[in-house]
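Enquirer: Build me a model from this:
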Amino acid sequence: MKKFESEMFMKIKKLKVIIASILLVAFLLVWGTNDIVTSEYFISSEKIPADFDGYRIVQISDLHNKEFGKNQKRLIKKIKAANPDLIVITGDIVDRRKWGTKYMEKFLAESKGIAPMYYVSGNHEVWSFKYDKVKKILEKYGVNILDDDVKTIKHKNSEIKIAGIIDTGFEDREEYVPEILKTLKNKIKSNEYSILLSHRPEHIDDYADAGYDLVFSGHAHGGQIRIPFIGGIYAPHQGIMPKYTKGVINKRKTKMVVSRGLGNSVIPIRVLNRPEITVTVLKSNQ
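Expert: Prediction:
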């Protein structure tokens, strides 16, 4: 009898350990998929005007209709804490598979007035076939849409240029990317500091060939599942073991900031890859 009770006690103990382990893993997965982290980078250049020294750029990427608290409260709190001078949105603010604009609109409504916002499309906007509706909402909240366009950003008594390219999935423009990038860059003087918004990081060679100083991209979702010392496992259009999933990538004179993004697309969870906003601080060497 005592042996039986002892065996039952051990089985119950093991079961409790298994249940506790499962609950812990589940908690870590939920927390790691929903808790936002802020990553800060410093970019210096002799081309950055002295008036832009310390200029703070917050990047929002790949929201994919995700909700971070009522009225996007947790996301907005992170953005405000970063004290941005500029907010750039690098695509996939909606999701074509679970279509809707509710959480996108809540984010834009709460972000309006924090800092000027500039946007470039992602593949989910153009593949949804509802990009016109997305643009109307963006315009409603005063967002500057960079559809193969170049605009001037003024700060104090100086200015820099910002360009944006429509996602390459739009009308299958993949082979025309280098030409489009160079056409836009030709509108910017060689001595002017140039920023490019483009959803896809895998075109870094094209960005560098065109001569952009700073590029903001997303799309890779941080590789979705990250393994310590190895990196991301998979990224759209890069495949297995992708090269460009997060951080600052250097290619000749071009620096590219890749955001791990906020939401998810096909895979609903993240592993060792928390949702992210990036803060890039410009440093003038003048």
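Enquirer: all strands for the stretch 51-200 of the chain, in order.
Expert: Here the stretch 51-200 of the chain has its strands, by DSSP state E, counting those that start in this stretch, at 56-60, 86-90, 117-120, 144-145, 149-155, 158-164, 194-197.
Enquirer: what's the closest of these to Y244?
Expert: strand 86-90 (13.1 Å; C-beta to C-beta). Yep, even glycine has a C-beta here, placed from its N, CA and C like the rest.
Enquirer: Make CSV out of the strands of the stretch 51-200 of the chain and add mean neighbour count.
Expert: Converted to CSV, these look like this (neighbours: other C-beta atoms under 10 Å):
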stretch, mean neighbour count
strand 56-60, 24
strand 86-90, 26
strand 117-120, 25
strand 144-145, 18
strand 149-155, 15
strand 158-164, 22
strand 194-197, 25
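Enquirer: out of those, nearest to H219?
Expert: strand 86-90 (7.9 Å).
Enquirer: Can I get the closest one in PDB, CA atoms only?
Expert: C-alpha atoms of strand 86-90 as PDB (Å, rounded to 0.1, in the frame of the first residue of the first chain):
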ATOM      1  CA  LEU A  86       9.600  61.900 -36.900                       C
ATOM      2  CA  ILE A  87       7.600  58.600 -37.200                       C
ATOM      3  CA  VAL A  88       8.200  56.400 -40.300                       C
ATOM      4  CA  ILE A  89       5.900  53.500 -41.100                       C
ATOM      5  CA  THR A  90       7.500  50.900 -43.300                       C
END
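Enquirer: Helix or strand: which one has K255?
Expert: strand 254-258 (DSSP states H and E).
Enquirer: Need the contact partners of that strand.
Expert: 41, 43, 59, 201, 204, 207-208, 211-218, 220, 244-250, 278, 280 (C-beta atoms under 8 Å, 6 or more residues apart in numbering).
Enquirer: at 7 Å instead, please
Expert: 41, 43, 59, 201, 204, 207-208, 212-218, 220, 244-249, 278, 280 (C-beta atoms under 7 Å, 6 or more residues apart in numbering).
Enquirer: Direction included, what does that strand pair against?
Expert: Under the criterion DSSP bridges, strand 254-258 sits next to strand 214-217 (parallel), strand 247-251 (antiparallel) in its sheet.
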